[in-house]
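S.K.: Provided below are the primary sequence and the corresponding predicted coordinates.
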Amino acid sequence: MARMLLAVTVVAVTLVRFLTGTLRKDLITPILSAVLLASLAGVGHSQIEDGWAGVIHEASDVAHLLAAGAWLGGLVPLGYLLHRGRVREVSTDLDQVLLRFSGMGYIAVATLAGSGLVNSWFLVGSVSSLFTRPYGQLLIAKLAVFAGMLALAAANRFWLVPSMTKARSADGSGAAAWSAKLRNHVLGEQLLGLMVLLVVSVLGTMRPAIGQQ
């Protein structure tokens, strides 16, 4: 009930900010949204353990949720900005957005990897369980999709963005084409992210591999 109330509050605050035109200076909504997202750890598999193990698992789950939310949530406005297709008009803003998103992406990926290992320790238990239990096998599928997201993100960071910047600084004629490729890659990340969320939603209903016989 507390989470439902918080969700309604987030929607109400966002609506008020939108109607009053103060979304650009809004810090309340992202903070409330982060709290709402982190609260998922209080109703998931992290509640299995007691004592310090439970605290560590829940903290790891919170970090995992926030990192995933930052990455997947950040892809939405990034994709929208690229979809506008106004490379020359918003080149400075676009460069700043890409730089900020890239920095956030490094932190998000590192957090996802670290917290994912901790969560797997609690929920899978062993390498054999990862391959022989349904929970572990579905987790492998999730990791495969996650690897696809990483591949697209790496291509964006080390290939498409530098090529777009180089084209714009030269004569600007090829910047639009590189921006279109980057937009398609971001869309691909979004689709893979939705697949990850789908797998996670199924994993959340399953008994962890460490508890399967």
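M.R.: Everything's here; your move. Please read all numbers here as calculations on a predicted model, not as lab measurements. Numbers count the residues shown, from 1 in each chain.

S.K.: Please count neighbours and contacts with C-alpha atoms only from this point.
M.R.: Noted.

S.K.: elements contacting whichever strand or helix holds residue 197?
M.R.: Here residue 197 is covered by helix 175-203, with elements defined by DSSP states H and E. Packed against helix 175-203 by the contact rule (3 or more Cα pairs under 8 Å, 6 or more residues apart in numbering; DSSP states H and E) you find helix 51-84, helix 134-155, helix 161-170.

S.K.: avg pLDDT for that helix?
M.R.: Looking at helix 175-203 alone, the average pLDDT works out to 91.

S.K.: can you tell me how far residue 83 sits from residue 124?
M.R.: Computed as Cα to Cα, to the nearest Å, the residue 83 to residue 124 distance reads 40 Å.

S.K.: and what of residue 146?
M.R.: Distance of residue 146 to residue 124, computed by Cα to Cα: 18 Å.

S.K.: Between those two, which is the more surrounded one?
M.R.: Between residue 146 and residue 124, counted using other Cα atoms under 10 Å, residue 124 has the larger neighbour count: 23 against 17.

S.K.: For that one, grab phi and psi.
M.R.: Geometry field for residue 124 lists phi and psi as phi -110, psi -50, criterion degrees, to the nearest 10.

S.K.: how many degrees apart are the worst-scoring helix or strand of the chain on mean pLDDT and helix 175-203 in direction?
M.R.: When the helices and strands of the chain are scored by mean pLDDT, DSSP states H and E, helix 161-170 comes last with a mean of 82. Compare the direction of helix 161-170 with that of helix 175-203 by axes from the mean of the first three to the mean of the last three Cα atoms, to 10 degrees and you get 160 degrees.

S.K.: Name the residues of helix 161-170 that are buried.
M.R.: By neighbour count with 16 or more other Cα atoms under 10 Å, helix 161-170 contains the buried residues 161, 163-165, 167-168.

S.K.: remind me which residues of the chain are low pLDDT?
M.R.: Within the chain, the stretches with pLDDT under 70 are 85-92, 171-173, 211-213.
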